[in-house]
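In: Pasted the sequence and its predicted model underneath.
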Amino acid sequence: TMSDNELDNYGSIQTTIRAPGGPALHTYVQEPLDDQFPALALVVVHQCTGLGGCAMTAGDISRSCCSRGFLTISFDMRGAGSSSGCSSLGPWPLLSGCAEVHDVVAIAEWVNREYNRRVWLVGVSAGASVAMSALDQSQCIVGFIGIAPVLGILPTVLFGQHTMRLLLSAKPKLIVLGSCDCLTSSACFGLVYALMRSPKAYHIQPCAGHFDIEVGRYGPMHAELISKFVSDGASTNNLKPGFLLHGLCVLGPFCMAVGLVLWILHLRSHDASQW
């Protein structure tokens, strides 16, 4: 259901989406002046709630995408910003972000019903991990954009179960990463990208760190990359192919072992919850 609409200072329509049996999700709808993609909508999934993430922290990306001609929807996940409920995006291995996956699916399906558009998920940092798990949980979701996703060794302890779902998905995927990302090295990304199913593409921004690429002046760059990728699958793929082989050789055995253990533990905890 939807509450009364109101406009904020950025021209967004603010509303509340109530998922069946879930929390009330405070949502921002940004309608472009020149709609360049009438069959598509972007749902932006914000950064880690436990570190202050909410729809406003991904606002630069949302506004840039709207300016580029996309209908853009952002929202506060449960426990963030003005939404109700409790967040699971915190330091709890094998639990981090699992509840929020339902929020993403609920928003995507609401957008599909309300606007009759297919949905691309744009996940930012830890929000990208949540979006990975939501990718194949609804037919209205047709693709994934990951901006500064957390794919390194240590973040795998928290978000490994989400990464595994991305690897298995056959839907189109674009990864945008800084070359100086402190949470995802080139070797780690090379491994994940090599294991990822096609169609896929990436852009590595030189001299940009993890927290640089999320905000500010990179917003228009993200919007342009997303525009090209959703239109014709184009991206820069601007690193030499050898870095993929490097990632496989250096981190392959270790990360595959860690991922397998996490996946088994996740399945066991899921099975136990059925009882």
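Out: Cool, got the structure.
In: Show me where this structure dips below the pLDDT cut-off.
Out: 1-11, 89-97, 234-275 (pLDDT under 70).
In: Kindly list the longest strand within it.
Out: Counting residues, the longest strand found in the chain (DSSP state E) is strand 200-209.
In: and it, which residues are buried?
Out: By 16 or more other C-beta atoms under 10 Å, the buried positions in strand 200-209 come out as 200, 201, 202, 203, 204, 205, 208. Yep, even glycine has a C-beta here, placed from its N, CA and C like the rest.
In: wait, the fourth one sits on residue 174?
Out: Yes - taking contact to mean C-beta atoms under 8 Å, the distance of 7.4 Å between residue 203 and residue 174 places them in contact.
In: circling back to that earlier point, only alpha carbons, please: show the longest strand of the chain as CSV.
Out: Extracted in CSV, the C-alpha atoms of strand 200-209 (Å, rounded to 0.1, in the frame of the first residue of the first chain):
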residue,chain,number,x,y,z
LYS,A,200,28.7,-9.2,-17.7
ALA,A,201,30.9,-6.1,-17.9
TYR,A,202,32.9,-3.8,-15.6
HIS,A,203,34.5,-0.4,-15.3
ILE,A,204,37.5,0.2,-13.1
GLN,A,205,37.9,3.9,-12.2
PRO,A,206,41.6,4.8,-11.9
CYS,A,207,42.8,6.3,-8.6
ALA,A,208,39.4,6.1,-6.9
GLY,A,209,38.8,4.5,-3.5
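In: Adjacent strands (with direction) for that strand?
Out: Next to strand 200-209 in the sheet, as set by DSSP bridges, lie strand 173-180 (parallel).
In: now the strands: where do they sit in the protein?
Out: Counting by DSSP E, the strands of the chain are 6-7, 13-18, 24-30, 40-45, 71-75, 118-124, 141-147, 173-180, 200-209.
In: With distance to residue 57 added, can I get those in a markdown table?
Out: Putting those into a markdown table (distance: least, C-beta to C-beta, whole Å) gives the following:
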| stretch | distance to residue 57 |
| --- | --- |
| strand 6-7 | 20 |
| strand 13-18 | 16 |
| strand 24-30 | 12 |
| strand 40-45 | 10 |
| strand 71-75 | 10 |
| strand 118-124 | 8 |
| strand 141-147 | 12 |
| strand 173-180 | 17 |
| strand 200-209 | 16 |
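In: Ok, which of the ones you listed comes nearest residue 158?
Out: strand 118-124 (14.6 Å; C-beta to C-beta).
In: strand partners of that closest one, parallel vs antiparallel please.
Out: strand 40-45 (parallel), strand 141-147 (parallel).
In: so which of these is the most packed in?
Out: Mean neighbour count (mean count of other C-beta atoms under 10 Å) peaks for strand 40-45 among the strands paired with strand 118-124, with a mean of 26.
In: Could you check how far that strand is from the centre of its chain?
Out: With C-alpha atoms, centre = their mean, to the nearest Å as the basis, strand 40-45 stands 10 Å off its chain's centre.
In: Ok, stretch 116-124 next?
Out: Counting by C-alpha atoms, centre = their mean, stretch 116-124 comes out at 9 Å from the chain centroid.
In: hang on, residue 66 packs against residue 35?
Out: No - using C-beta under 8 Å as the test, residue 66 is too far from residue 35 to be in contact (10.0 Å).
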